[in-house]
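J.: No sequence on hand, only this structure:
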């Protein structure tokens, strides 16, 4: 699709969206057309409550920890830019698109923060978007993150060119524009339509709400001196304003952990009755533990990462840590690298994540593996030193085979005969 066709499609889409509510908008709410006949729109909000917001979800320690761990692992992983050379690849670090994800996303934010924001938006909102700043040669020079909740993809399709994407987005200066895919770096999360990622806060809102409500109940339980309900009764009739004064006075004097054990003096033949809740019988502690497991399941992290060690053993924690890489992080790495390649890579080039640091074992295990790699000619000593963040040494670029002492491509040295020389024959033996 040429520039004129793109402009014409953008104008047509803008006019149709302004004139009719039937415009093809794939998800200001992260699901489908917010005005369409979808299951979520027909059912409405759960129980009439307000939708789960990010701040309330992050008030749950398990949610905060899961997001911090996943985003931290993702941000620590470098994304390198390569060019295919024959059967191999050549790393390119001086390209502008490589510097964006390797050192600095813009003049203010480093690449670490951009990648941390990227996965955080994908996990919580199902989409990540950033405005692409370009230099005089139209090369990407910086990225400015956009609010994920203020991005609405709009698509145009025809039989010749197929699918063309546009994005109605709010820019950091507060203005709203329709951007083409050349102006915005857009990454959807796990999706069912290929356009918008599913909003985790909306789909799993009940799970996060249950965990947040459990924490809130615990706080209020102790604020009320572990007595969630108190009934004051009297034989006489009490006016409404007097009831309010008595209730406020009781709460002020006896609520909260600081007032625990205080002595109450009642008059007017008033009696007090506590309608206590037995948290042991209601399995309150078990409920809080189960909410941690539910949050771990929602984000795809092992429970021990969230410090839920009820069923953890020394033997299965290592395997669960490996599963965190295989079943959770590897998908995030590939998703980001594929969209980086799709948006920024030149022909014959690609982005690739390098998460080897996540798989490092203890020093004894690593050095034993390095010895095997050097002996088999897989790595040379300098490559091993770079993996351990040590400078190269002279002669370390040679690959070795066998026991590690023979350099590849050279004839093996003749063994040295260390036996003492044979004694010279005597004259009598010569005669």
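T.: Received it, and whenever you're ready, just let me know what you need. Remember, predicted model here, so these are calculated numbers, not experimental data. Numbers count the residues shown, from 1 in each chain.
J.: residues near residue 300, how many?
T.: Around residue 300 there are 16 other residues, counting by other CB atoms under 10 Å. C-beta coordinates here come from the backbone N, C-alpha and C atoms, glycine included.
J.: Does it touch residue 325 like I think?
T.: No: here residue 300 does not reach residue 325: they are 11.2 Å apart, not a contact under CB atoms under 8 Å.
J.: Just the element for residue 57, please.
T.: Per DSSP states H and E, residue 57 falls inside helix 54-58.
J.: What is that helix packed up against?
T.: helix 61-76, helix 205-223 (3 or more CB pairs under 8 Å, 6 or more residues apart in numbering; DSSP states H and E).
J.: Can you lay out these as CSV showing mean neighbour count?
T.: As requested, the helices and strands packed on helix 54-58 are exported to CSV (neighbours: other CB atoms under 10 Å):
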stretch, mean neighbour count
helix 61-76, 19
helix 205-223, 16
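J.: weakest of those by average pLDDT?
T.: Ranked by mean pLDDT, these bottom out at helix 205-223, with a mean of 76.
J.: That one: what's the following helix or strand?
T.: strand 230-233.
J.: now that next one, how far from the centre of its chain.
T.: With CA atoms, centre = their mean, to the nearest Å as the basis, strand 230-233 stands 49 Å off its chain's centre.
J.: Now do the buried residues in it.
T.: Across strand 230-233, burial judged by 16 or more other CB atoms under 10 Å covers 230, 232.
J.: try stretch 187-201
T.: 187-189, 195-201.
J.: Where do the strands of the stretch 51-200 of the chain begin and end?
T.: 79-85, 88-92, 127-134, 140-146, 151-158, 162-170, 176-180, 184-188 (DSSP state E, counting those that start in this stretch).
J.: quick one: contacts for residue 372?
T.: Residue 372 makes contact with residue 378 under the criterion CB atoms under 8 Å, 6 or more residues apart in numbering.
J.: Now it: which helix or strand?
T.: Going by DSSP H and E, residue 372 is in helix 363-375.
J.: Give me the distance between that helix and the centre of its chain.
T.: Chain-centre distance of helix 363-375: 31 Å, with CA atoms, centre = their mean.
J.: Can you pull out the low-pLDDT segments for this protein?
T.: Low-confidence regions of the chain, defined by pLDDT under 70, span residues 1-51, 218-229, 254-263, 268, 274-287, 312-316, 357, 361, 401-418, 426-431.
J.: and the nearest residue to residue 73 once chain neighbours are set aside, how many residues sit next to it?
T.: Spatially, and ignoring its direct neighbours in sequence, residue 73 is nearest to residue 329 (5.8 Å; CB to CB, 6 or more residues apart in numbering). When neighbours are counted by other CB under 10 Å, residue 329 registers 22.
J.: now do residue 202
T.: Applying other CB under 10 Å, I find that residue 202 has 17 neighbouring residues.
J.: same for the host helix or strand of it, what does it pack against?
T.: Element membership for residue 202 (DSSP H and E) is helix 200-203. Helix 200-203 sits against helix 111-124, with contacts defined as 3+ CB pairs under 8 Å, 6+ apart.
J.: Show me which positions of the helix it packs on end up buried.
T.: For helix 111-124, by 16+ other CB under 10 Å, it's 111-112, 114-124.
J.: repeat for stretch 289-300
T.: With the criterion 16+ other CB under 10 Å, stretch 289-300 contains buried residues 290-292, 294-296, 298-300.
J.: Show me how this protein divides into domains.
T.: Domain assignment for the chain by the TED database gives 51-226+278-359, 229-275, 363-407.
J.: Comparing these, which comes out most buried?
T.: The highest mean neighbour count among these, using mean count of other CB atoms under 10 Å, belongs to domain 51-226+278-359: a mean of 16.
J.: from the middle of its chain, how far away would that one be?
T.: That offset, for domain 51-226+278-359, works out to 4 Å (CA atoms, centre = their mean).
J.: Same check on stretch 385-403?
T.: For stretch 385-403, the distance to the chain centre is 35 Å (CA atoms, centre = their mean).
J.: heads up, I number from 378, so please use that
T.: Sure thing, new numbering starts at 378, so read that last one as stretch 762-780.
J.: Mind telling me the two of the buried residues of helix 488-501 farthest from one another?
T.: 488 and 501 (20.5 Å; CB to CB).
J.: Turn the strands of the stretch 428-577 of the chain into JSON lines, columns for distance to residue 585.
T.: Below are the strands of the stretch 428-577 of the chain laid out as JSON lines (distance: least, CB to CB, whole Å):
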{"stretch": "strand 456-462", "distance to residue 585": "30"}
{"stretch": "strand 465-469", "distance to residue 585": "41"}
{"stretch": "strand 504-511", "distance to residue 585": "19"}
{"stretch": "strand 517-523", "distance to residue 585": "23"}
{"stretch": "strand 528-535", "distance to residue 585": "22"}
{"stretch": "strand 539-547", "distance to residue 585": "25"}
{"stretch": "strand 553-557", "distance to residue 585": "29"}
{"stretch": "strand 561-565", "distance to residue 585": "21"}
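J.: Out of the ones you listed, which gets nearest to residue 698?
T.: strand 456-462 (22.0 Å).
J.: can you list contacts of the closest one?
T.: 466-470, 472, 474-475, 478-479, 492, 713-714, 717, 722, 725-731.
J.: Sheet-wise, list the partners of it with their directions.
T.: Strands that pair with strand 456-462, judged by DSSP bridges, come out as strand 465-469 (antiparallel), strand 726-730 (antiparallel).
J.: what's the angle between the last one and helix 438-453?
T.: Think strand 726-730. Computed with axes from the mean of the first three to the mean of the last three CA atoms, to 10 degrees, the direction of strand 726-730 lies at 140 degrees from that of helix 438-453.
J.: The first one too?
T.: For strand 465-469 against helix 438-453, the angle between stretch directions is 100 degrees (the same axes, to 10 degrees).
J.: Which residues does strand 465-469 contact?
T.: Strand 465-469 is contacted from outside by 457-461, 475, 726, using CB under 8 Å, 6+ apart.
J.: Dump the residues you listed into JSON lines; add distance to residue 438 as well.
T.: Below are the contacts of strand 465-469 laid out as JSON lines (distance: CB to CB, whole Å):
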{"residue": "457", "distance to residue 438": "35"}
{"residue": "458", "distance to residue 438": "38"}
{"residue": "459", "distance to residue 438": "40"}
{"residue": "460", "distance to residue 438": "45"}
{"residue": "461", "distance to residue 438": "46"}
{"residue": "475", "distance to residue 438": "37"}
{"residue": "726", "distance to residue 438": "42"}
